[in-house]
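*Asks:* Would you be able to build a 3D model of this:
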Amino acid sequence: MDHGLRPRQREFFIGFTKGEMERMDKLVRESGEEVLAKEFCQNLAKSFNRSVGRAGKPIVKWIQVQNWFQERIQEFPNILKDLQGVCPSTKAPKTKEKPKVQSKAEEKIPESELEFEARSSKDGAWYDVDMFLCHRVASAGETEVRVRFVGFGAEEDEWVNVKKAVRERSVPLENSECSSLKVGDHVLCLLEKRDQAIYYDAHIIEIHRRMHDIRGCRCLFFIRYNHDNNEEKVRLRRLCRRPIR
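*Replies:* Presented below is the predicted three-dimensional model:
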């Protein structure tokens, strides 16, 4: 299937196995422009050609490896600029459960130390992002990323809008933090149903303060979900706060 790679990219990607590209991606992230050295590319090409995975496939030339690296390094700054403050890659400990637009370009993207969550187009809920697979510019000119959610396989991958549906991961609240919450605060609330528990945006509309005991916070928070305006009374354990900037 053609994933929208530009013609000049196809020349560099063709012939490389998935494992080889993943290895080269890792080397770029770890060593930067050092990977462009001729000797480095020669040694890597030899390594590829000796591997079992290349049996029966065309021989890799060191210049092809160098060209691939050059292309990748040129792409990284633009990709990071597109996603800065909202996106690259990650994992998180929240429990969450769990489609495509005409594009102008698609690229793999590098990893980041930050953790992110993305809103699914299927149910409007927020899920922790395991990794960002690639990005593209849609026909409307907006950047989209293809995400894989924590705990889900490739069949659940989705394209999401960077500005509207990707953000830094919400933070679970500790019992001692309940006093920091106030009416009007934007929170992420776990909506518990009979067969699933998923996170939705909500706002606090009322707080009933109670004394804490050995079980922790006993306060009650009345919240209104943003997606359907339904209201619910919840405990602190079901709330996450938005990161403080």
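*Asks:* What segments of the protein are strands?
*Replies:* For the chain, the strands defined by DSSP state E occupy 103-108, 116-119, 126-138, 143-149, 158-161, 166-168, 171-172, 186-192, 197-208, 220-225, 231-234, 239-241.
*Asks:* Which of those strands sits closest to residue 74?
*Replies:* strand 103-108 (10.6 Å; Cβ to Cβ). The way it works is simple: take the backbone N, C-alpha and C, and place the C-beta from them, glycine included.
*Asks:* Which residue comes closest to residue 119 once chain neighbours are left out?
*Replies:* Excluding the flanking residues, the one nearest residue 119 by Cβ to Cβ, 6 or more residues apart in numbering is residue 165, at 4.1 Å.
*Asks:* Tell me who's in contact with the one you found.
*Replies:* Counting by Cβ atoms under 8 Å, 6 or more residues apart in numbering, residue 165 makes contact with 118-119, 121.
*Asks:* Same question for residue 185.
*Replies:* Contacts of residue 185 (Cβ under 8 Å, 6+ apart): 203-204, 241.
*Asks:* ok, 7 Å please
*Replies:* 203-204 (Cβ atoms under 7 Å, 6 or more residues apart in numbering).
*Asks:* Same check on the one 4 residues further on?
*Replies:* Contacts for residue 189 (Cβ under 7 Å, 6+ apart) come out as 199-200, 202, 223, 225, 234, 238-239.
*Asks:* If we use 10 Å, what do you get?
*Replies:* Applying Cβ atoms under 10 Å, 6 or more residues apart in numbering to residue 189 gives the contacts 170, 198-204, 221, 223-226, 232, 234, 238-240.
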